[in-house]
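> Pasting the sequence and the predicted model now:
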Amino acid sequence: MRRQLTTLIVQELKQAMRNKSLVFMFIVFPLFMWGLQGGVQFLAVSNTSSEGETFYVINRDLGNSTVNLGELLVKELDAMTRINASIIYGSVINTTLQVDSFSQAVSLVKEKGISPLLYIPENFTTVYDNFTDTESSVVPAVTLLSRPDDNALFVNDLSTALQIVLSSSPFTKVTYHKVTSFKLERIVFEGEGEESFFLLGLIAFIATLIAVQAPASYISAAFSGEREKHTLEALLALPMRRIDILLGKVIAAFILTLVFAVSNIFGMVVFSKLVRADLSPYQMFVVTLVLVITSFVATGLGISITSFAKDSKTANTVYQFVMLIPTIFVGFSAIFGTVPDKLTWVYLIPWMHTIAVLQKILFPQILSNSTLTGNIILDIVFHLVYLFLFVMVSFIVAARLFARESILKS
Amino acid sequence: MGIIEIRGLNKFFGSFHALKDIDLTIREGEVFGLLGLNGAGKTTLIRILMGLLNPSSGSVRVFGIDPSTNPLPIRKRASLLPQECQAYENLTAMENILYYGLMQSEAPKEELIERANYLIDLIGLKGRENQLTKKFSGGMKRKVLVARSVVGNPDLLFLDEPTTGIDVLGARKVRNLIQKLSRNEKKTIILTTHDLTEINLLCDRVGILVDGELKAIGTPDELEGQFQAANIEDIFSSLVEGRIGGDEE
C-alpha cells in the first residue's frame, strides 16, 4: 500500500511539473499576481507620493507624572517620515498649531483648510492608563481629521501609519476616530473598518484569489482530465482502493500547494518592496499558512465539483463559477469594509473564514472589539474548525462521487 | 473449476439490459476470444470481472473471489488494458510502464525495469523508451499500454482490442507478445477484438456476444462444426444478422 501510494504521488507530481499550465498556475501565477498588484500599488503610490505632503498634529496631551504618550506618538510619526521604507516617507509634519478645544481644531480643518490634521486630546495618556482589555466599548483616543478634497491616498497612508504606530508597543490598547469630511459622519476604527485595513484587505484578497485559483488546473487534470484522456479506467483497475487513489491525488495536490506557498513567499517579498509595506517574516508566515489552508479547502471543494463534470472544460467552468464569484465578493468585503450584520450568511463561504483568520492573527489588538465569540482566540479556533469541517465534508463528498460506478462514463 | 466462473449474469443500466443471462467458464492458461459488435457488452463484461461495475444479478467468481465485493486480490493477479485507454502523455514510455508495474506488482523495482526493457524490446520501442509519450503516434502509445498491462506479470490479462490503431508490423509484434505470454508464461488471456484473423491465430476458444447475449462458445473448430460454417467470420455475421440463433441451434 505504501509503495503504491508513493508511486502514485511521485507520478502525479512528475506529470504536474511537466505540465506547462500547472507550472504556470502553481509557480508563475502567484509571482505574477503579487508583482502585478504590487506594481499597480507602486504606480499609484508613485503618482501620489507622500513626499512633500504636509500633515498637522495638535498634541494637547497632558501626560501623567512619568510619560506623555502624545509626545511619544508624534515622535514615532516623525520618525516614520524619515524611514525610507515607510509609507509616509518624505512627508512633512507640522506641530506648530495650537487650539483650546476639539471644536477649534475642527474649525481649522473646515474653515481654513488645514488638513489633514491629527488631534491628540488632553486626556490621551489618561485614557490609555484607564483602558482595560476587558472593556467592551471602543474608547476614542486620537482623531484624524481630513477634508474631502485632500489627497485621499496620502490620508489613507497617514491613517495606515497611525494604525501601525497605535498597534505597536506601547500603544496597543489605543483606538482612534477618523473623521472623513464634515458631514459629522464619524467612523470608529474597530479593526474591520475601511481605510486603515486597505492594504491588509488587499493582501488578503490577493492571497485568497491566488489560493483559490491555483489548484484548479491540477484538480481538473487529475480528475476530470483522467476521464477525458481515457486514463481513469486503467488506474481504477489497479489493486488500490479508490479512496487511496483519491488520497494519493490529494497528497500530491497538497505538496503542490507547498511549492505554491514558497512561490507566494517570493511574490510577497516583491509585493512588499513595491508597496513599501515592510511585511515582517511573521506576517508573511501567517499569510502563507492561511494561503495553504485556503488552497487545501479549494482542493477539497474542487475535487467534488470536478467529479461531477464530464470533461476538463466543464470542470473548469463550474469551478470558476463556484469559486471565483464568492472569492471576489469576499475579497471586496475584505478590502472595503466589514460584513453587514444582515449578511452573516456569507460566513458560509469558507474564504470569509480564511480572511478572518488572517486579520485576527495579524491584528488581534485591533479586532478584539469585533469578535464573533467575544474572544479573539476562540474566534480563530472557530474559523479554523469551520475550515477543517468544510475540508472533511468536501473530501467525503468527493470520495462518494469518486466511488460511484458512473464515474467511468460520465 | 475455471479461473473465471460466471453464472446467470445480468447487467442493467437503467432500463437497458446490457448483459443477459451470461454463463461462462474460462480455464486457466487459455486464450479466450470475445467477439461482438460495438455495444454488444464486451467491455461491460470485462469491467464486471475486474470489479469496476457491479452485476445486477447472477454470480461472478474470478480466482474464486467475487469481484464486486473483494476486487483488490483479483486486481493484484489480473491486469486490464481498456479499449479506449491512453498513456500518460507527460510520462516517458518507460515511466508509463514502470508506473503500473510498481502499482500492481510487489517485485523489486530493478526486476520490473528489467522486465520493462524486455517488453519494450519485444514490442519494438527500443530507443524510444525515454521519450515522453505525447510525442508518440497512436499506435506507439497503444504498444506502451500493452507493455504496461503485462509488466506486473499478472496471471490473468484482459486485453480489450489491444491492436487497435497499431500498424500491421506493430500488430504482429503485439500478437507475438500475446502468444509468448500464453505459451511460455501460461497466462490466461481474455481478448476482445474485431480482427477475426487475430481470433484464429491466438484464441483457444471463442465466445460471441450479440446484444448482451452470449450466443456461442467453443473452439474455432467446434463452432465451425456446430454452425456448419467455413470460418468464424461467417458464424459471427450470421449470428449478428440473426440468420442463425446461436444457443438454440
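Now that the structure is in, tell me what you want to look at.
> Around chain A, pick out the residues from chain B.
Within chain B, the positions adjacent to chain A are B:47, B:50, B:52-54, B:72-73, B:75-76, B:79-82, B:84-91, B:95, B:99-100, B:102-104, B:106, B:132, B:145, B:148-149 by CB under 8 Å from any CB of the partner chain. For every residue, glycine as well, the C-beta is placed using N, CA and C.
> Got a quick ChimeraX command for the buried subset of these?
Selection command for ChimeraX covering only the buried members of these, criterion 16 or more other CB atoms under 10 Å in any protein chain shown:
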select /B:47,50,52,53,75,76,79,80,81,82,85,86,87,88,89,90,91,95,99,100,102,103,104,132,145,148,149
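> Among the residues of chain B next to chain A, which ones are in helices?
Mapping these onto helices (DSSP state H) picks out B:47, B:72-73, B:75-76, B:95, B:99-100, B:102-104, B:145, B:148-149.
> Tabulate the residues you listed (TSV), appending distance to A:Thr306 and pLDDT.
Listed next are these as TSV, based on distance: CB to CB, whole Å; pLDDT from 0 to 100:
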residue	distance to A:Thr306	pLDDT
B:Arg47	22	93
B:Leu72	25	93
B:Pro73	30	94
B:Arg75	24	94
B:Lys76	29	93
B:Glu95	24	95
B:Tyr99	22	94
B:Tyr100	23	93
B:Leu102	26	93
B:Met103	22	92
B:Gln104	26	90
B:Leu145	24	92
B:Arg148	25	93
B:Ser149	27	92
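> what residue is smack in the middle of chain B?
Closest to where the C-alpha atoms of chain B average out (CA atoms, centre = their mean) is B:Leu159, at 2.3 Å.
> Off-centre distance for the host helix or strand of that one?
Using DSSP states H and E, B:Leu159 maps to strand B:156-160. Centroid displacement of strand B:156-160 relative to its chain, using CA atoms, centre = their mean, to the nearest Å, is 3 Å.
> which ones are touching the closest residue to B:Asp160 other than its chain neighbours?
Nearest non-adjacent residue to B:Asp160, counting by CB to CB, 6 or more residues apart in numbering or on different chains: B:Gln83, 4.0 Å away. Neighbouring residues of B:Gln83 by CB atoms under 8 Å, 6 or more residues apart in numbering or on different chains: B:43, B:160-161, B:164, B:192.
> Residues in contact with the lengthiest helix in chain B: which ones?
Ranked by number of residues, the top helix in chain B under DSSP H is helix B:168-183. Contacts with helix B:168-183, where a contact means CB under 8 Å, 6+ apart, come from B:29, B:31, B:119, B:122-124, B:139-140, B:142-143, B:146, B:150, B:157, B:159, B:162-163, B:166, B:187, B:189, B:191, B:195, B:198, B:201-202.
> Kindly report the same for stretch A:240-248.
With CB under 8 Å, 6+ apart as the contact definition, stretch A:240-248 has outside contacts at A:1, A:4-5, A:8-9, A:12, A:235-236, A:238, A:303, A:395, A:398-399, A:402-403, B:72, B:75, B:103.
> Give me the subset of these that lies in helices.
Members of the contacts of stretch A:240-248 lying in helices (criterion: DSSP H): A:4-5, A:8-9, A:12, A:235-236, A:303, A:395, A:398-399, A:402-403, B:72, B:75, B:103.
> Alright, that wraps it up for me.
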